[in-house]
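J.: Return a 3D structure for these sequence lines:
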Amino acid sequence: MTTTPPKVNLDDSPLPTVLADVNVLTLDNPDTNDTDDEYDLAWLNDSDGSDDMDDCCDIEDEDKVASDLLKDPVEQACTTANKVFSANQDTGTPWKRTTHRVKEFQKSDHIKEHLLEELGPTNTVPRADIVQWVSSDYEHLATEDRISEFLRDSGEYRTRDKRWIIIPKKPRLENRLYGPICELWNAILEYFKPPGIALTRTAFDTAQVALKHHCELHTSSPDISIEASGPSFTLAPGAMIGFSNLAAFADGKLDKEAKHLQDHMLQMGKYARQMFIQQPNRMFVRCLIITEHRARLFHFDRSGVQYSPLFNYHDRPSVFIRLVLGLSSTDESLVGLDKSFQWVTGPQGVKIGGILETVRDDKSVIRYDLDMKEDIFNRTSIRGRGTVCWPVKDRETGERFLVKDYWMSEGRTPEYELLEEVKNTPGLCHMISHEEGRAETKNFRGDPSSLKKGQFHNRKSIRITIKFYGTSVDNFRSPEEMLAALRDAIRAHQSLYSMGILHRDITYSNVLIGIKGFESEDGERGVIIDLDMAIKNRRPVLDICKDFRTGTLMFQSIMITKFFQDNQNPSTQTSSTVPHPAQDYLDDLESFFWLFVFLLFIYKPNGEKAPTCHFHETIWGFENERLSYLQKSGFLMNPVTLSDAEESIDPDWHPACFQLFLNFHDFLRRVHYAKQKGIKKRKAPLSDGTVPNRYTDLLDDVNKDYGSIVAFFDEALAKLKEAATADPLIESLDDVNSAPSSPVARVESEGRMQTQRKPRTRSLHKGSPLLALSLTERTPKRKLEGRNSDTESDKSDPEESPTRRPMPKRICLPEPSGLSQDDTVEDEADIESDL
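T.: Okay, here's the model as predicted:
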């Protein structure tokens, strides 16, 4: 039988006092609002010669207002910030897919589809003259005299014919090129013998060698691989060669196929992607396409891809020699590696530790040891932020930190500036130090002056060291721990918004469980991290929509997923003249809801995975860019959802958790209805060209909305605490047999039950030794297969299906884990534009 959920009347619900009627402009902080027109007008109106009694009343009223504001300054500031957001932001940043969203079980063609959208078609990709490129980067590796000696004396080059002797003139198959190219490559390395090159760099024919992808389910095989050893290269145990120990690679092609530029870009891009993933300190990757007559250089970095025109390497042997030496260089920065991080390796090149060098807050240099008990998190797309999170320890104190590297689009507000603003705010991560000026993608590229406007977006490398918190929220071990983390994270989100900052990337990896336990009252039972997608409310209008951005589609709001719906099905677009609405605080609150849904239905109360059921397929559908909008809309608006949820939730969840779901669901159902109804009702532009947010009226109750959601969590946590502290009574067999079989049924019958029964939750009771453990130590995180990975080869596990595949734990921060972020559509390939 379908149970009708209890209705939640937000207007009548017992919530904290909200200062909705206070004219916030009368007490604005100048730093928050530069103009105060309403305040000035009110001041003039009061100066009209009224009597002293009226003045006295006005003073009393003002004192009362000020007193009310002091009771909750966050709500006051939140109202002010919200007015600014609503006044000047109506249009959202376009979204696109990236390979960070690729699932390990998907086919090669699907990866190419994502990669093409991420990098762009070749007619939009910049190219550079190879001579200019090589002369700037590799000219110092070999003098002209030395090159002339090699061409004359080595026996590899016939000067009269201007041709490399070993390269066949008319091969029938491309594989006839692989061996000769390797021999020529190694001959060049042997002759010029850069320091250490003989032992650390070798070209191999790997066309038939399966190089494992990071997910380990799939493999791919560059035709020629340049094996490397050194501080930045490692090997998996038992492996001889892999993407983790390549300096560069090349593919052989027949000259008649050289015109297939886009196919080659995507093929090389898939190999380069694996190098970025398996060499987390990679800053760029360079590689070659080589035919029997010509060659082409590809360059991949966090701004995308660049390529050279085809050039005849027989006619230009000096260029080819310097390319070989540059791509094989023992100077790791020259082959694209960040030397501030180095691995410590054991026998056979297996990593046993790592050392990371950065700066303290006073800019003095410090070296941290990599915490090998934790996983490194890195984004799996090429273009975009390229975020890498390194868990480290102070050598002297043993204190743990998290060092985050990412590539910021030029023109955006650096994350360290935002973190400085929110410093010491409960529930928001605390920055220890930051490092800028590390590198820029424009300095890796050839002939930047020749690039067309809009063809290239520069990115800057930023490094931030933050305090180490607990594991990500998907590693919860009890209902209390999970609910408390989400509750405090939502309150922290309100604090962040009150400072004029909207997060825009709420995912389970960006909400961490506090290290003090769920009974702490410091407001940090849950901590929000990762502000590199955040925007400020005073962002210039011209900066909006500079470029596409990314995020985690699984948890994005319905209005955001509509971007994908319209991109996939142009016929469903709202209107060619009505752009998509800007992201607002309600979108982020909705992201918290989808995160809660994921945790509540995919997991058991003790944090273990729940048995797979049909309802899980609905939730996994939220990840599909073609279906997410329809799936989520149906989840909120279709009454069948609640009955399906009742049947599917693990029975060990306490009824209070399901009641929280019902309350949250009802709240967002009405928000979605209002947004859908007003999506086409854009407001008229103001005199300066800005367009007020079309949902201004809906956004007016910002503090009431936050208060409602927090109240839902507080109510559930109170019931869990009551159940955990109650004396458990032994149930009779009749009680067990007659007990309601689902959380919904228990919600209805809870008030009628006369016998106090032991709750079916895995909550920890006071006095339990496990409680002390939960407040001090973390259990090892669950290791699950990753869901976001490259799938170069088309072989997949026959027993796995996309809809039933377990979600991976993103190796995020402290004890990371990871859903595919779209980039997530990460988090955004180019100027991860803010709204």
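
J.: Can you pull the poorly scored residue ranges out of the protein?
T.: 1-72, 85-109, 195-198, 447-451, 538-551, 564-579, 681-691, 727-835 (pLDDT under 70).

J.: CA atoms only: put stretch 288-298 into PDB for me.
T.: Below are the C-alpha coordinates for stretch 288-298, written out as PDB (Å, rounded to 0.1, in the frame of the first residue of the first chain):
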ATOM      1  CA  LEU A 288      54.500  12.600 -31.900                       C
ATOM      2  CA  ILE A 289      52.600  11.200 -34.800                       C
ATOM      3  CA  ILE A 290      55.300   9.800 -37.200                       C
ATOM      4  CA  THR A 291      54.700   8.600 -40.800                       C
ATOM      5  CA  GLU A 292      57.200   7.300 -43.300                       C
ATOM      6  CA  HIS A 293      57.700  10.900 -44.500                       C
ATOM      7  CA  ARG A 294      56.300  13.400 -42.000                       C
ATOM      8  CA  ALA A 295      55.700  14.000 -38.300                       C
ATOM      9  CA  ARG A 296      53.400  16.100 -36.100                       C
ATOM     10  CA  LEU A 297      53.800  17.200 -32.500                       C
ATOM     11  CA  PHE A 298      50.800  17.300 -30.000                       C
END
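
J.: neighbouring contacts of it?
T.: 130, 133, 167-171, 177, 181, 224, 248, 250-255, 257-258, 264-265, 268-269, 272, 286-287, 305-314, 320, 323, 327 (C-beta atoms under 8 Å, 6 or more residues apart in numbering). (C-beta placed from N, C-alpha, C; glycine too.)

J.: Buried residues, that stretch. List them.
T.: Neighbour-count burial for stretch 288-298 flags 288, 289, 290, 291, 292, 293, 294, 295, 296, 297, 298 (criterion: 16 or more other C-beta atoms under 10 Å).

J.: among the contacts of stretch 288-298, which are in helices?
T.: Among those, the ones falling in helices (DSSP state H) are 130, 133, 177, 181, 264, 265, 268, 269, 272, 320, 323, 327.

J.: got the contact list for the fourth one?
T.: When the contact criterion is C-beta under 8 Å, 6+ apart, the partners of residue 181 are 167, 203, 223, 224, 250, 252, 290.

J.: Tell me what residue 304 is bridged to.
T.: Counting by DSSP bridges, residue 304 forms beta bridges with residue 301.

J.: where's it relative to residue 635, distance?
T.: Between residue 304 and residue 635 the computed distance is 35 Å (C-beta to C-beta, to the nearest Å).

J.: likewise residue 494?
T.: The value you get for residue 494 to residue 635, if C-beta to C-beta is used, is 25 Å.

J.: cool, and residue 410?
T.: Taking C-beta to C-beta, one finds residue 410 at 39 Å from residue 635.

J.: With neighbour numbers in mind, choose between those two.
T.: residue 635 (25 against 14; other C-beta atoms under 10 Å).

J.: Is that one in contact with residue 615, as I believe?
T.: No: using C-beta atoms under 8 Å as the test, residue 635 is too far from residue 615 to be in contact (10.1 Å).

J.: part of a helix, is residue 115?
T.: Yes: judged by DSSP: H, G, I helix; E, B strand; the rest coil, residue 115 forms part of a helix.

J.: what about it, how many residues close to it?
T.: Neighbours around residue 115, by other C-beta under 10 Å: 25.

J.: thinking again about what came up before, closest to residue 387 among the contacts of residue 181?
T.: Comparing those against residue 387 with C-beta to C-beta places residue 250 closest, at 28.8 Å.

J.: Can you give me every residue that contacts that closest one?
T.: Residues in contact with residue 250 (C-beta under 8 Å, 6+ apart) are 181, 222, 223, 224, 226, 287, 288, 289, 290.

J.: so which strand or helix has the second one?
T.: Using DSSP states H and E, residue 222 is not contained in any helix or strand.

J.: so it sits right up against residue 271, yeah?
T.: Yes: Residue 222 lies in contact with residue 271 (C-beta under 8 Å); the separation is 5.1 Å.

J.: Now the common contact residues for these two.
T.: 249, 287.

J.: Output the contacting helices and strands for the helix or strand hosting residue 483.
T.: For residue 483, the enclosing helix or strand under DSSP H and E is helix 479-498. If contacts are counted by 3 or more C-beta pairs under 8 Å, 6 or more residues apart in numbering; DSSP states H and E, helix 479-498 sits against helix 73-88, strand 511-513, strand 526-528, helix 585-602, helix 655-677, helix 702-725.

J.: relative to helix 655-677, how tilted is it?
T.: Helix 479-498 and helix 655-677 are oriented at 30 degrees to each other (axes from the mean of the first three to the mean of the last three C-alpha atoms, to 10 degrees).

J.: Just the buried residues of helix 479-498, please?
T.: So, applying 16+ other C-beta under 10 Å, buried residues of helix 479-498: 479-498.

J.: so after that helix, what's the next helix or strand?
T.: strand 501-502.

J.: Neighbouring strands - and their directions - for that next one?
T.: By DSSP bridges, strand 501-502 pairs with strand 535-536 (antiparallel).

J.: residue contacts, residue 172?
T.: Contacts of residue 172 (C-beta under 8 Å, 6+ apart): none.

J.: I misspoke; the intended subject was residue 644.
T.: Here residue 644 is in contact with 614, 615, 618 (criterion: C-beta under 8 Å, 6+ apart).

J.: Are we agreed that it is in a strand?
T.: No: applying three-state DSSP, one finds residue 644 to be helix, outside a strand.

J.: do you know how far it is from residue 596?
T.: 17 Å.

J.: okay if I get the ones in helices among the contacts of stretch 288-298 as CSV plus distance to residue 406?
T.: Shown next, in CSV, are the ones in helices among the contacts of stretch 288-298 (distance: C-beta to C-beta, whole Å):
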residue, distance to residue 406
130, 31
133, 26
177, 39
181, 36
264, 29
265, 25
268, 24
269, 20
272, 19
320, 35
323, 30
327, 26
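
J.: out of the residues you listed, who's nearest residue 121?
T.: Relative to residue 121, and with distances defined as C-beta to C-beta, the nearest of the ones in helices among the contacts of stretch 288-298 is residue 265, at 9.2 Å.

J.: Tell me, how many residues neighbour that closest one?
T.: Per other C-beta under 10 Å, the neighbour tally for residue 265 reads 25.
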